[in-house]
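# here you go, sequence then predicted model.
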Protein chains: 2
Amino acid sequence: MSLVFYDFPMAPSPRRARIALLEKGVSFQTVIVDLMANEHLSESFRQISPTCTVPALRLPDGAVLTENNGIAAYLEAAYPEPPLLGTTPREKGEVAMWTARVEFCGLMAVAEALRNGNPAMKDRAITGPTNYPQIPELSARGLARFREFLDMLEAHLPGRDFIVGDRLSVADIAGVVAVDFARVIQIKPDPEQHANLIRWRKGLHARPSFSR
Amino acid sequence: MSLVFYDFPMAPSPRRARIALLEKGVSFQTVIVDLMANEHLSESFRQISPTCTVPALRLPDGAVLTENNGIAAYLEAAYPEPPLLGTTPREKGEVAMWTARVEFCGLMAVAEALRNGNPAMKDRAITGPTNYPQIPELSARGLARFREFLDMLEAHLPGRDFIVGDRLSVADIAGVVAVDFARVIQIKPDPEQHANLIRWRKGLHARPSFSR
């Protein structure tokens, strides 16, 4: 009755949950959902994840959680050490705040740029069971917004190894996943403009959880 | 040295945090940021909230939290009763999962429909300090996605007074705020198609925190 993790190695969203599971040191089984073969849109997977998204995590009691925030909240409560959502009330607030910023300004921007610009994602402009056509202006907006996101992170990171406090949190995980995934839209941090961001990312890449 | 809450009565995002503060029974001072007069884009408010968004909450130590998830995480840790983020690990996961679904499928959909369709929001297609032009196709997509969101909630709510478990959570708060705010895009639940959703909303509207 262990945890069952529904994963796809190349996708950014399940990578966030995978890193959290590895950092918690929890044992879990992995089931690969092949997004390239549209397995996430199959009727059988929809029974598991009604939004047709990975990550999903099946708990020992059979319940399934989706959404990174849902999985992280469960893991933090069930396996408190090491904490990934902050320790003091203020830190918990800052971790959730920065995670929301990374999601809205970073992860959403890169997703919009990719899904609305890549011919291979025709009609898959947004995740979920329903097809929506691509909107080319939304792809262009995503590129512009992602560049702003890099500048926002850079402005926050001087003197810091982590986005909040002195330890890894889900905000760092989401941030590195966003920056790494932006290779698909040909945007990468600039050594002169984003020196602190690059140093922060290098420190996190040294952790085994980020490379597996 | 009390909490200072940066609010605007007509906007949906600060309404979520306001309901949470009232349900916690915390005392706080309110500062109105007049979004209609663009006070959120002023240099002085940007010092408080760099993303130019409300809600924002100044803590007794002077730190400022923005983003509803950030404010909710702080409040839950600083004022545990009554819990708004779930109690067991599974409930905590489900509350965060449903909140993410409401944000992505509901609140984002209505925001995209409004901001990309209302002439008064020209160049304010997305929150934040930078102007982005409206994208009419994104407005149309928001309308379609919001209708899907109502159906998703309706499918979940038979036999339930709350989205998760037997008590109010931030998922309910986000859900009701999304459904109520959709009046600005002329979408409302249908008595025949959304009977459970309407019953759920009516129960929550009876709480003083939702009407203030």
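Structure's in. What do you need?

# neighbours around the residue lying closest to residue A:174 once chain neighbours are set aside, how many?
Sequence neighbours aside, residue A:102 is the residue nearest to residue A:174 in space, at 4.2 Å (criterion: C-beta to C-beta, 6 or more residues apart in numbering or on different chains). C-beta: built from backbone N, CA, C; applies to glycine. As a burial measure, residue A:102 scores 26 neighbours (other C-beta atoms under 10 Å in any protein chain shown).

# quick one, what contacts residue A:102?
Contact analysis of residue A:102 by C-beta atoms under 8 Å, 6 or more residues apart in numbering or on different chains lists A:149, A:171, A:174-175, A:178.

# export only the CA atoms of the longest helix seen in chain A, formatted as PDB.
Counting by DSSP state H, the longest helix found in chain A is helix A:136-156. Provided in PDB are the C-alpha atoms of helix A:136-156 (Å, rounded to 0.1, in the frame of the first residue of the first chain):
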ATOM      1  CA  PRO A 136      -0.700  33.000 -31.600                       C
ATOM      2  CA  GLU A 137      -0.800  36.300 -29.700                       C
ATOM      3  CA  LEU A 138      -0.800  34.400 -26.400                       C
ATOM      4  CA  SER A 139       2.400  32.600 -27.400                       C
ATOM      5  CA  ALA A 140       4.100  36.000 -28.000                       C
ATOM      6  CA  ARG A 141       2.800  37.300 -24.700                       C
ATOM      7  CA  GLY A 142       4.100  34.200 -22.900                       C
ATOM      8  CA  LEU A 143       7.600  34.900 -24.300                       C
ATOM      9  CA  ALA A 144       7.500  38.500 -23.100                       C
ATOM     10  CA  ARG A 145       6.100  37.600 -19.700                       C
ATOM     11  CA  PHE A 146       8.700  34.900 -19.200                       C
ATOM     12  CA  ARG A 147      11.500  37.400 -19.700                       C
ATOM     13  CA  GLU A 148       9.900  39.600 -17.100                       C
ATOM     14  CA  PHE A 149       9.800  36.600 -14.800                       C
ATOM     15  CA  LEU A 150      13.500  36.000 -15.100                       C
ATOM     16  CA  ASP A 151      14.100  39.700 -14.100                       C
ATOM     17  CA  MET A 152      11.800  39.400 -11.200                       C
ATOM     18  CA  LEU A 153      13.600  36.400  -9.800                       C
ATOM     19  CA  GLU A 154      17.000  38.000 -10.400                       C
ATOM     20  CA  ALA A 155      16.000  41.000  -8.400                       C
ATOM     21  CA  HIS A 156      15.000  38.800  -5.500                       C
END
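
# ok, then the element right after that helix?
As assigned by DSSP states H and E, the chain's next helix or strand after helix A:136-156 is helix A:170-181.

# the helices in chain A, which residues?
Assigned by DSSP H, the helices in chain A fall at A:12-24, A:43-48, A:68-78, A:89-101, A:108-115, A:136-156, A:170-181, A:195-205, A:208-211.

# any chance of these in TSV, with mean neighbour count too?
What follows is the helices of chain A, written out as TSV (neighbours: other C-beta atoms under 10 Å in any protein chain shown):
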stretch	mean neighbour count
helix A:12-24	23
helix A:43-48	12
helix A:68-78	25
helix A:89-101	25
helix A:108-115	23
helix A:136-156	18
helix A:170-181	25
helix A:195-205	17
helix A:208-211	14
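
# hmm, back to that, other SSEs contacting the longest helix of chain A?
In terms of contacts (3 or more C-beta pairs under 8 Å, 6 or more residues apart in numbering or on different chains; DSSP states H and E), helix A:136-156 is packed against helix A:108-115, helix A:170-181, helix A:195-205, helix B:136-156.

# residue A:105: what's it in contact with?
By C-beta under 8 Å, 6+ apart, the residues touching residue A:105 are A:145, A:148-149, A:152, B:51, B:128.

# quick check, nearest of these to residue A:29?
Distance to residue A:29 across the contacts of residue A:105 (C-beta to C-beta) is lowest for residue A:149, with 34.2 Å.

# so how far is residue A:186 from that closest one?
According to C-beta to C-beta, to the nearest Å, residue A:149 stands 15 Å off from residue A:186.

# below-threshold pLDDT in chain A: ranges please.
Applying pLDDT under 70 to chain A picks out residues A:1, A:212.

# of the helices and strands packed on helix A:136-156, which is nearest residue B:15?
Closest to residue B:15 of the helices and strands packed on helix A:136-156, according to C-beta to C-beta: helix B:136-156, at 17.2 Å.

# list the contacts of that closest one.
A:50, A:125-126, A:128, A:130, A:132-133, A:135, A:137-138, B:101-102, B:105-106, B:108-117, B:125, B:163, B:175, B:178-179, B:182, B:185, B:187, B:189, B:193-197, B:200.

# check contacts around the closest residue to residue A:91 other than its chain neighbours.
Spatial nearest neighbour of residue A:91, excluding adjacent residues (C-beta to C-beta, 6+ apart): residue A:165 at 5.3 Å. Residues near residue A:165 by C-beta under 8 Å, 6+ apart: A:86-87, A:91, A:94.

# farthest pair within the residues you listed?
Spanning the widest gap among the contacts of residue A:165 are A:87 and A:94, at 10.9 Å by C-beta to C-beta.

# closest one to residue B:23 among the helices of chain A?
Closest approach to residue B:23 among those is made by helix A:89-101 (16.8 Å; C-beta to C-beta).
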